[in-house]
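Chemist: Pasting the sequence and the predicted model now:
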Amino acid sequence: MKLPGAPFLAYRGESLYLDGCELTALADRFGTPLYVYSQAAMLAALAPYQTALAGRDHLICYAVKANSNLAVLQTFARAGCGFDIVSGGELQRVLAAGASADRVVFSGVGKTREEMRAALRAGVKCFNVESEAELEVLSAVAVQEGIEARVSLRVNPDVDAGTHPYISTGLKSNKFGVAHGRAVSTYCRAAALPGLSIVGIDCHIGSQITEIAPYLDALDRVLDLVEAIEAQGIALHHLDLGGGLGITYTDEHPPGADELIGALLARLDARGQGHRMLMFEPGRSLVGNAGVLLTETLYLKPGDEKNFCIVDAAMNDLMRPAMYEATMAIVPCRQRPDPAQRYDVVGPVCESGDWLGRDRWLAVQPGDRLAVLSAGAYGMSMASNYNTRGRAAEVLVVGDQAHLVRQREQPAELFGGERLLP
Ligand code: LLP
């Protein structure tokens, strides 16, 4: 099997390495469960976006929600990225990581007044507004603060991204964005409101998209709107096409970022729209295959119908299998010559939904470390403290150097904010 994450993830002899670091050695040093990311893999994933957009006015805004560790954000800030945030908390993170607010776009259907105020004061590049009601509130907050809010409307192009229903966002039935049919009138409303300055238009049709076609459909639908909106005398400076490009977890074959962007640029040029400033909001495709989750095998439990491999990582550490029935590859950190057996790889949490992989062929013994692959995106950022489990530690590998970029959470921290009754 070709490992997702190659060439940065590879066996040398029996041992699995991420970039220059042996994963078993990292598990020994930092304990498990442990998230490990490769900086080189992240930068290599960013490169095709940058190359394809070179020579065009553009900004790549890394979607913070995919992996919001400060050192990851710092890596992308230093590489010239902006950021796509969806909360006041993410705003504080990107600022703490050294990003400049004028490269930050603020997305999300439910921004609070407090979050709007903080973003205005910080001076974010743009609010991606998702409804008329939000526009009214943003206008009022901007007037109150005496700071003009730059806005783009997230339009819902009503295209099917062909992905899991929980991560598809560009359909009429989704809560996201302003309906295509109402976009022009909503732009007119925005133009009439005080405190707002219209700077662009955006869409985001879903996540883990493995085809170019839905992006081209969405682009066409958005460009139709651009023409109609500009015919009303409202100028749109930038076009933000969101994120969503998929990765290979097992046998998916998504297009490369350069291929996707090449196709979008060709369509833009063909429609005489190639001069616009372009923005993208990739998350998963920049970090997903740059990270793994390391876990230790605690017990093997043979059964009549199933064999269980019980490990020390659980659904609270990695929610994707339980939540989306996502399939993520699981491989040993050190290969054994023994014959493989079929296991369900499960965690210690008290739920039958607590599994990391089903029907996996593994040669494994208690004490062996396993790596769940493609765990760099929506892994740690979705982790919880269910069962009062402290969240995992995180390590960022730079060449053969391993940096602890987040300490393991201790139980006392988990209930430190709680109070007993008098
Ligand atoms: N922009 C907006 C407005 C978004 O809502 C998202 C993701 C992105 C950009 C980045 O999308 P990406 O390039 O990462 O696909 N937890 C799910 C994925 C949820 C995606 C939510 N929005 C999962 O683990 O599959």
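Modeler: Received, thanks.
Chemist: The closest residue in space to Lys306 that isn't next to it in sequence: what's it in contact with?
Modeler: On the basis of Cβ to Cβ, 6 or more residues apart in numbering, the spatially nearest residue to Lys306 that is not a chain neighbour turns out to be Asp344, at 5.3 Å. All C-beta spots, glycine's among them, are computed from the backbone N, C-alpha and C. Under the criterion of Cβ atoms under 8 Å, 6 or more residues apart in numbering, the contact list for Asp344 reads 306-309, 355, 357-360.
Chemist: Most neighbours among those, which one?
Modeler: Cys309 (26 neighbours; other Cβ atoms under 10 Å).
Chemist: What strand or helix carries that residue?
Modeler: Under DSSP states H and E, the secondary-structure element containing Cys309 is strand 308-311.
Chemist: what comes into contact with that strand?
Modeler: Strand 308-311 is contacted from outside by 295-302, 343-348, 356, 360, 362, 364, 370, using Cβ under 8 Å, 6+ apart.
Chemist: any residue of stretch 258-265 up close to the ligand?
Modeler: No: Stretch 258-265 stays clear of the ligand (Cβ under 6 Å from any ligand atom), getting no nearer than 11.2 Å.
Chemist: Show me how far that stretch is from its chain's centre.
Modeler: Relative to its chain's centre, stretch 258-265 lies at 20 Å (Cα atoms, centre = their mean, to the nearest Å).
Chemist: all numbers from here: first residue = 459
Modeler: In the new count, where the first residue is 459, that last one comes out as stretch 716-723.
Chemist: Which parts of it count as buried, going by neighbours?
Modeler: By 16 or more other Cβ atoms under 10 Å, the buried positions in stretch 716-723 come out as 718-719, 721-723.
Chemist: closest to Ser839 among those?
Modeler: The shortest approach to Ser839 among those belongs to Leu718, at 23.2 Å (Cβ to Cβ).
Chemist: The lengthiest helix in the chain and the ligand, are they touching?
Modeler: Secondary structure of the chain read by DSSP state H shows that its longest helix is helix 671-688. No: residues of helix 671-688 contacting the ligand under Cβ under 6 Å from any ligand atom: none, with a closest distance of 11.7 Å.
Chemist: in that helix, what's buried?
Modeler: Of the residues in helix 671-688, those scored as buried under the neighbour-count criterion (16+ other Cβ under 10 Å) are 672-677, 679-681, 683-684, 687.
Chemist: ok, now stretch 721-731?
Modeler: Burial within stretch 721-731, assessed by neighbour count using 16+ other Cβ under 10 Å, is assigned to 721-723, 725-726, 731.
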